[in-house]
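# Show me the folded form of this:
(one chain, ligands or ions: 1)
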Amino acid sequence: MKQLTVSIPATEPSGYPIFIANGLLEQIGSDLEQRCPGRKKFIVTDTHLVRAGHLTALTAGRDVSTFIIDPPGEPSKHIGTVVRIVEAMENAFLGRDTVIVALGGGTVGDIAGFAAAIFKRGVKVVQIPTTTVAQADSAVGGKTGVDSSVSKNAFGAFWQPEAVYIDPSTLNTLDDLQYRSGLVESIKHGLILDGGYFEFLERNMESILSRDTRVLETIAFENCRIKASVVQEDPTEKNKRRILNYGHTIGHAVESASQYKLLHGQAVAVGIVAAGLIEQALGLSDAARHKRIVAILEKLGMPLSISSEYSIDQLAAILKRDKKAVGQWPKFVLLEEIGKALCRNGQWAHDVSQTIVEQTLERLYG
Ligand code: GLY
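Numbers count the residues shown, from 1 in each chain. Model (predicted):
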């Protein structure tokens, strides 16, 4: 047997800026011209953003090729939409020097980011998140992808953006439930890494719910700071990045069992309550801590229990198919205290027996 080795030079460390300001949307076009001079831009957005006037604010009269996802949201998050985007880009004679500009919520960012990762083996993408969930979480960190008919994000890639632009005033056009449920990711950030930030959210919930733009700028900054600190340490989720999935394991099962009638943040709220009960069962938490976490989720109007429409067996079956399951049972991110995810033996996700999880689910039926 003959053998040789192909040596690939290690890629240089890279990074990207995150800009946060109210009213930023109208300045992004000229900033992009300076940041990516001479490159063609291709906007991916959806019908909500068009109706809200955000596409017009972004383009400010410039003629930019645009793909509008319709219907917006999860029903379009499949490979067919990506194929249509790629073909639209080919029909517009775009090449590898294109920058895809993703304007929208988590679904737009995921689809556009994935299209950028695969178009002609990869082009640059800029993320402009316009929902609470996307501004807090999905626009930063480079997770992109679309669902298959079997599971979420079955097609996916890590594809870090060139820049992220956050204009908190775009949240003004978001409907109330979407707005509130996206804030669950902010609460998650406080819980896993920053007790001071969790307290800030507790103290300022009224202003946050009334969409006070100054507070929104602060929370956008804090969310990005916390998320960036994790992504920098573990960009491809080998270990520590898993803490960003706090509350998401049971949350995803509940979301999937509801057939996506529950919004992501609503399902994650149930997952956070479940994680808190597991922590109590394992002696890691007490009733007072749990009460504090439940109280802030309650203020957001999030569900705290599981609907009787789906059974424990159904949820357990979904958990067994979790994409991070090992030996057909997932590991769980847990808290040591508010502001500190539990790390044991260098690991950030932990074994919890099926019995404890099922007993916890039992306690969660309303
Ligand atoms: N949304 C979790 C992560 O980006 O890792």
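# all strands of the protein, in order?
18-20, 41-46, 65-69, 99-104, 124-129, 143-146, 155-158, 163-166, 335-337, 340-341 (DSSP state E).
# Identify whichever of those strands lies nearest to the ligand.
strand 143-146 (4.7 Å; CB to the nearest ligand atom). Where you see a C-beta, it was placed from the backbone N, CA and C, and this is true even at glycine.
# re earlier: nearest approach to residue 222 belongs to which of the strands of the chain?
Closest approach to residue 222 among those is made by strand 18-20 (10.2 Å; CB to CB).
# Report all helices and strands that that closest one contacts.
With contacts taken as 3 or more CB pairs under 8 Å, 6 or more residues apart in numbering; DSSP states H and E, strand 18-20 sits against strand 163-166, helix 213-233.
# Can you add distance to residue 113 and give these back as CSV?
Written out in CSV, the entries for these read as follows (distance: least, CB to CB, whole Å):
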stretch, distance to residue 113
strand 163-166, 11
helix 213-233, 14
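# With respect to burial, which of the ones you listed scores highest?
Here the criterion is mean neighbour count by mean count of other CB atoms under 10 Å, and of the helices and strands packed on strand 18-20 the winner is strand 163-166, at a mean of 24.
# For stretch 198-207, buried residues please.
198, 200-201, 205 (16 or more other CB atoms under 10 Å).
# out of these, who's nearest residue 21?
For the buried residues of stretch 198-207, the nearest to residue 21 is residue 200 (19.7 Å; CB to CB).
# How many residues are close by the closest residue to the ligand within the stretch 51-200 of the chain?
The nearest approach of the stretch 51-200 of the chain to the ligand comes at residue 141, 4.1 Å away (CB to the nearest ligand atom). For residue 141, the tally of surrounding residues (other CB atoms under 10 Å) stands at 22.
# And residue 262, by the same measure?
21.
# so how far is the ligand from it?
17 Å (CB to the nearest ligand atom, to the nearest Å).
# any idea how far the residue lying closest to that residue once chain neighbours are set aside is from the ligand?
What sits nearest to residue 262 in space, not counting adjacent residues and going by CB to CB, 6 or more residues apart in numbering, is residue 255, at 5.6 Å. Distance of residue 255 to the ligand, given as CB to the nearest ligand atom: 13 Å.
# Let me see the contact set for the residue lying closest to the residue of the stretch 51-200 of the chain closest to the ligand once chain neighbours are set aside.
With sequence-adjacent residues excluded and distances taken as CB to CB, 6+ apart, residue 141 is closest to residue 231, at 4.4 Å. Contacts for residue 231 (CB atoms under 8 Å, 6 or more residues apart in numbering) come out as 140-142, 241.
# just residue 280 next, same as before
Going by CB under 8 Å, 6+ apart, the list of residues near residue 280 reads 286-287, 290.
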